[in-house]
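A.B. asks: Sequence and predicted structure, then a few things I'm wondering about:
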Amino acid sequence: MAIQRVHSKWAKTKVLLKTDFLQRHIPVTKRFNYENARDMLQQYGMVYIKPDKGMFGIGVIRVERTSSGYRYQHDRDIRSYSSFDSLYEKLLKHHKKRSYLIQKGVQLLRYRKRRFDLRVMVQKNGRNEWETTGIIGRLSHPAKIVTNYHSGGTLYPIETLMSQHMNASELSGFKHGLKKLGLSVAGQLQSAYPGLKEIGIDVAVDDKHHPWILEVNTMPDPYIFRKLPDKKVFRKVYRYACGYGRIVTAKRNKKSSRPK
């Protein structure tokens, strides 16, 4: 069976919201439109607006309600608007090109004054069972709102980024919880998409250390785990990816290219 991909963030979110446990870990997410944007900014003060289909954090917009109106940021483009209608006109220029979602903003923890989140890798192992194989931190570019490595973020071990926020014992329990969360997400998504073999979960952590699922990628980059000091993590990620056919090794590729 070919590895299944699910491109729509909205489709994946709707599947995850069917379980009470995962509902507690998903920020309020809705289709982007005038009413939802106005009401969520009024209620939450800060939101992220993102393409329903997209990668690497491209197209993500952050909007905050301020004392004088609204603050908009898209990549390095930062603007202020005195009214919601003027802000919405700007947002509509993005919306006309493709479908967008709006999500309650989570105030990310910081390391050296820069925001960070976590990528949790979950894969099918040799027994065809889900296994959480890696966790890595993603530190945002100083001038950007996204943490993605391919958009200028920096990769760090979770231990480094969380060192200012919890002690070693707390971190051990936190990592155990992330691994269980990863398995729950994978199992629930598989109920709707049985051809999945791997997922990468982007997790925000708030100041109470609660993990929030920002989105789930069904074609996560396995090579980011090469940046970890513990090389065993990448070796496992790579081995599993080869096992279910995501990565074709040079030896296998050479064999498959022989004339039949």
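C.D. replies: On my side now, so go ahead. Numbering: from 1, shown residues only.

A.B. asks: Where does pLDDT dip in the stretch 151-260 of the chain?
C.D. replies: Per-residue confidence of the stretch 151-260 of the chain (counting by pLDDT under 70) places the weak regions at 151-152, 249-260.

A.B. asks: quick one: the helices in it?
C.D. replies: Taking DSSP state H, counting those that start in this stretch to define them, one finds helices in the stretch 151-260 of the chain at 158-162, 168-192, 231-243, 250-256.

A.B. asks: and the third one, how far out from the chain's middle?
C.D. replies: So that's helix 231-243. When distances are taken as C-alpha atoms, centre = their mean, to the nearest Å, helix 231-243 is centred 20 Å away from the chain's centroid.

A.B. asks: Could you tell me how many residues sit around residue 98?
C.D. replies: A total of 11 residues lie near residue 98 under the criterion other C-beta atoms under 10 Å. For the C-beta atoms, the positions are set from N, CA and C on the backbone; glycine is no exception.

A.B. asks: for the one 5 residues further on, same thing?
C.D. replies: For residue 103, the tally of surrounding residues (other C-beta under 10 Å) stands at 23.

A.B. asks: That one reaches residue 47, doesn't it?
C.D. replies: Yes - under the criterion of C-beta atoms under 8 Å, residue 103 is in contact with residue 47, at a separation of 6.4 Å.

A.B. asks: Of the helices of the stretch 151-260 of the chain, give the one that comes closest to residue 4.
C.D. replies: In this view, the helices of the stretch 151-260 of the chain are compared for proximity to residue 4 by C-beta to C-beta, and helix 168-192 is the closest at 9.2 Å.

A.B. asks: From the contact counts, what lies against the closest one?
C.D. replies: If you count contacts as 3 or more C-beta pairs under 8 Å, 6 or more residues apart in numbering; DSSP states H and E, helix 168-192 packs onto helix 9-16, helix 20-23, strand 114-124, strand 130-139, helix 158-162, strand 198-205, strand 211-217.
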